[in-house]
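Peer 1: Coordinates for the following, if possible.
(one chain, ligands or ions: 1)
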Amino acid sequence: ETGPGDRADADERADRLAELDMRAIIHPHTTIGAPDEPVIFTRGEGAVLWDVRGKSYLDGTCGLWQCPVGHGRAELAEAAAEQIRRLEFYSSFGDYSNEPAIRLADRLLRLAPPGLEKVFFTNGGSEGNETAIKLARLAHHHAGRPERTIILARTGGYHGMGGGSLAATGIDRLRQGFGPLLPDVEFLGRPHALHHDTDALVAELEQRIAELGADRIAAFIGEPVLGVGGMVPPPPDYWPRVQEVLRRNDILLVVDEIVTAFGRVGHWFAAERYGIEPDIVVTAKGLTSGYIPMGAVLVGRRVLDLVDGAWFPHGFTYNGHPVGAAVALANLDILEREGLPARASAVGDRIAAGLAPLAELDHVREVRGVGLMLGIELDRDASGVQSGARADGLIVRAAGNNVIISPPLVITDDQADALVRLVCEHVAAVGN
Ligand code: PLP
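Peer 2: Just a heads-up that it's a prediction; the model follows:
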């Protein structure tokens, strides 16, 4: 039982924390010196979060897509605690290793699309893409083609915040003020399932390769389904056709599955769904469901043949972290045991059907998505939907004109229906 006095204490504590936060923390993607009052979360369970004031929220984005198994899994806490008690960490540089990392690498390679044969661990997605870009360049360099340095990327693509991963990110508002970025990155148009524009995109790819010279291009990097760029699935023939052009020109294919791997689009890897045969797959987020930061870069045979014998002076202190690996193994157990990739398809279809009528509204350009990667594109900034829904206890994310919806894979049918109802209400509310 809590009384009015307890509530006043809780509010005072919340106010004090908020004030301290605004004074002490620079949050990602905010205006420095002009902080917003934070929502301070204290607890989570499944698809629900609670803040320090006791308000509950339905988590319609699972943070930044990182949490397929949902919040509050004691099993993952236990896996971490047990590993910390045994051995918290030792470097994986050189010839040091640890058992959870070894077991995780083996398990990932058995789950992954065919042809991926080795794993390089990281702390997250950006580091994974830095690693992929460096590996792709090194592969050609070591094979006696050092002039193959260009990375082909796509407008609207998001690959992270590091030197190379930001350079490959095709979203202008994220790049401004940080130049000059890594040179030799060239942008192509993005695919769009609803526009069936594969012919034009393949023609553009061929033309750019001809202009730049295939012998100067190291790799092509892309997300199977654009995430931050607006939850845009490709036409079904896009990836097989792009891949054929890349193969013919000896250009490596780096697939950024940081959002899509581990079930979100109904398969363990989106590469399976879209018929992609990647040379490198970059993962993070869902690998540990975000309980601990960790990523994994899966490297294919073509790359391994090219870099065979090359010295690789690359690594981050916490590579192959045993606690991260122990959590990842327990997380994969949950995904498997509960059949969550299939669940993503089923509940994703239910939510998509509920959102479909929004397409009739004048200010809605498109409702789209696959599995539990859903997006609604408006003809205006979507931040009003984010703030309105949040006031009513639903978290969705505004990215430019897009409303991003990507709940944990464990979201129940009732929660999914509540999400649909609130999204429909708040998208309608920002119309004229
Ligand atoms: N690539 C994609 C497709 C992402 O969505 C993200 C993060 O949202 C990243 C890369 C960067 O990952 P991280 O933030 O873990 O560095």
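
Peer 1: domains of this protein?
Peer 2: 39-69+339-429, 75-337 (automatic domain parsing).

Peer 1: what's the closest of the ones you listed to residue 28?
Peer 2: domain 75-337 (8.4 Å; C-beta to C-beta). C-beta coordinates here come from the backbone N, C-alpha and C atoms, glycine included.

Peer 1: Quick one: name the residues of this structure near the ligand.
Peer 2: 64, 124-126, 129, 158-160, 223, 227-228, 256, 258-259, 284 (C-beta under 6 Å from any ligand atom).

Peer 1: In helices, which of those residues fall?
Peer 2: Using DSSP state H, the members of the residues of the chain next to the ligand that fall within helices are 64, 125-126, 129.

Peer 1: Of the residues you listed, which is the nearest to residue 398?
Peer 2: The closest of these, once distances to residue 398 are taken by C-beta to C-beta, is residue 64, at 13.3 Å.

Peer 1: what number of residues lie near that closest one?
Peer 2: A count of nearby residues for residue 64, using other C-beta atoms under 10 Å, gives 17.

Peer 1: got the contact list for the closest residue to it other than its chain neighbours?
Peer 2: Nearest residue to residue 64, sequence neighbours excluded (C-beta to C-beta, 6 or more residues apart in numbering): residue 285, at 7.2 Å. The contact partners of residue 285, taken as C-beta atoms under 8 Å, 6 or more residues apart in numbering, are 64-67, 125, 258-259, 261-262, 295.

Peer 1: what's the pLDDT at the residue of the chain found nearest the ligand?
Peer 2: Nearest residue of the chain to the ligand (C-beta to the nearest ligand atom) works out as residue 125 at 2.2 Å. With respect to pLDDT, residue 125 has a value of 98.

Peer 1: wait, it sits on residue 258?
Peer 2: Yes - the pair residue 125 / residue 258 is scored as a contact, 3.9 Å apart, by C-beta atoms under 8 Å.

Peer 1: hey, what's in contact with both of the two?
Peer 2: By C-beta under 8 Å, 6+ apart, the residues touching both residue 125 and residue 258 are 160, 282, 284-285, 295.

Peer 1: Can you tell me which of the contacts of residue 285 end up in strands?
Peer 2: residue 295 (DSSP state E).

Peer 1: Closest one of the contacts of residue 285 to residue 414?
Peer 2: Closest to residue 414, out of all of the contacts of residue 285 and judged by C-beta to C-beta, is residue 67, at 19.1 Å.

Peer 1: ok now do that closest one, which residues does it touch?
Peer 2: Neighbours of residue 67 in contact, by C-beta under 8 Å, 6+ apart: 59, 285-286, 289-290, 408.

Peer 1: Next: residue 184.
Peer 2: 149-151.

Peer 1: For it, what are phi and psi?
Peer 2: Main-chain torsions, residue 184, degrees, to the nearest 10: phi 70, psi 40.

Peer 1: End to end on stretch 183-190, go ahead and measure it.
Peer 2: One end of stretch 183-190 sits 21 Å from the other (C-alpha to C-alpha, to the nearest Å).
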